[in-house]
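>>> give me coordinates for this.
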Amino acid sequence: MRKTLAQAKNSTIPQAVGLATCDDRFVQLLNEAQARLAEMGKWWGTYKKLRVCVTAGCITWPREVKTVETMNLCGYNIPVRNQWYEFQADERAPRTGCGREGCEQDQLLDRGMVYQYRDFTGASKIRVYPSLTADAGKRVLLQGLDAGTGQPIRTLDAVTGEYVWGEYVTLPNPAVTAYVETTNTFKVPGLTGAQKPLTQGSLTIVAYNTTTAVQTQIAIWGPSEQNPEYRRTYLINMPEVCGANGCNGGALNDCIDHGDGCVPADEACTNTVVEAIVRLEFIPAVVDSDWLFIGNLQAVKHMMKAIQKEDRNQYTEAEREIQLALRALRNELEAYSPNERSVINVQPFGSAKIEYRFGGFI
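Model (predicted):
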């Protein structure tokens, strides 16, 4: 069950770890405990189902997505591949361009991490639009390649007097000036990194094409994001238009979105709707109204105590606390998602379509 940071502060956790809720170390310890638990398993609340309207095969997932576990397209399961799949020694890598074969299997290929959800349309300067006056004066570091030389941008930071990779921009007061623009022009496809402080409001990032004067919104960074980073994948054979014959040769109306029985169809989506179960990325709690990533307060308490014991070199006792935390999470998972309801998919003949497995025999 979901819990907020305020609820954690009002629980027995502060007394158990010996820290006052007004002590900055309390929130730091709580977030560290959540981050460690998140890496130890797929617990209840750490994964969810998403329905996404996509307009192209290249999909940049929201900040909350850690990895895509499974995907459906037009009611059919799509194999999800990691980055190593295309480098097998005994099998040709799938084609991704217009020259792909008609029999190419639908697959979701991993494309690593990016720092914006949309790429530049050409060499661009970057404009940062703050949303609140409370963030005026804060600085954001934008990193990328110089459009002219193709080399990483390196500038002198006027505040520290040191050279840094990238360019710092200082957020203006949005009531006076809408945005701040970089001096350097960045090369396509865009940012290679970004660093921002905690802010009170979100930042809208826009690429200004210096040749065509076209502005493209490339990202919106949330208040708690400090090192923006997003998962990117490529979907082979995605139908070009929802409900029409696409690249996969599907019949007309194959991909019309009828909703999932609870969530109605997205009438604003004129392209393809994909469904996926994703594992969520840990996002730290900052203010009292923030949701905790791990809602099981008992598990969080044990892990916080374990970290404290590890810091005192009490590893045996720390391991005991960790096991208690994991037991609490396993019990919660069993209560909300019983094991006997789990689906096991066995593919003794591989994941290829049936006509490919037995071609020539039937």
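
>>> residue 194 and residue 112: what is the separation?
Noted for residue 194: a distance of 16 Å to residue 112, by C-beta to C-beta, to the nearest Å. The C-beta positions use only the backbone N, C-alpha and C, and glycine is treated the same way.

>>> typo on my end, residue 332
When residue 332 is compared with residue 112 (using C-beta to C-beta), they lie 32 Å apart.

>>> now do the contacts for residue 110.
81-83, 85, 233 (C-beta atoms under 8 Å, 6 or more residues apart in numbering).

>>> hmm, try it at 6 Å
Residue 110 sits next to 82-83, 233 when contact means C-beta atoms under 6 Å, 6 or more residues apart in numbering.

>>> which one of the residues you listed sits closest to residue 130?
residue 233 (30.5 Å; C-beta to C-beta).

>>> which stretches of the stretch 251-362 of the chain form strands?
According to DSSP state E, counting those that start in this stretch, the stretch 251-362 of the chain carries its strands in the segments 272-280.

>>> straight-line length of stretch 228-237, end to end?
Taking C-alpha to C-alpha, to the nearest Å, the first and last residues of stretch 228-237 lie 29 Å apart.

>>> please apply the same query to stretch 204-216.
End-to-end for stretch 204-216, by C-alpha to C-alpha: 11 Å.

>>> what residue ranges in the stretch 1-150 of the chain score low on pLDDT?
In the predicted model of the stretch 1-150 of the chain, residues 96-104 satisfy pLDDT under 70.

>>> more neighbours, residue 194 and residue 112?
Using other C-beta atoms under 10 Å as the criterion, residue 194 and residue 112 rank with residue 194 on top: 24 against 9.

>>> check which strands are paired with the helix or strand hosting the more buried one and give the direction for each one.
Secondary structure from DSSP states H and E places residue 194 in strand 193-195. According to DSSP bridges, strand 193-195 forms sheet pairs with strand 139-143 (antiparallel).

>>> so what touches the partner strand?
For strand 139-143, using C-beta under 6 Å, 6+ apart, the contacting residues are 126, 128, 165-170, 192-196.

>>> buried set for it?
Buried residues in strand 139-143, defined by neighbour count with 16 or more other C-beta atoms under 10 Å: 140-143.

>>> also stretch 199-215?
199, 202-209.

>>> now, the residues you listed that are in helices?
Using DSSP state H, no member of the buried residues of stretch 199-215 falls in helices.

>>> of all those, which comes closest to residue 63?
Nearest to residue 63 among the buried residues of stretch 199-215: residue 202, at 11.0 Å, using C-beta to C-beta.

>>> wait, isn't the closest one in contact with residue 131?
Yes - counting by C-beta atoms under 6 Å, residue 131 is a contact partner of residue 202 at 5.5 Å.

>>> domain map for this structure?
1-42+293-362, 47-109+237-280, 124-228 (automatic domain parsing).

>>> most tightly packed of the ones you listed?
Among those, ranked by average contacts under mean count of other C-beta atoms under 10 Å, first place goes to domain 124-228 (a mean of 16).
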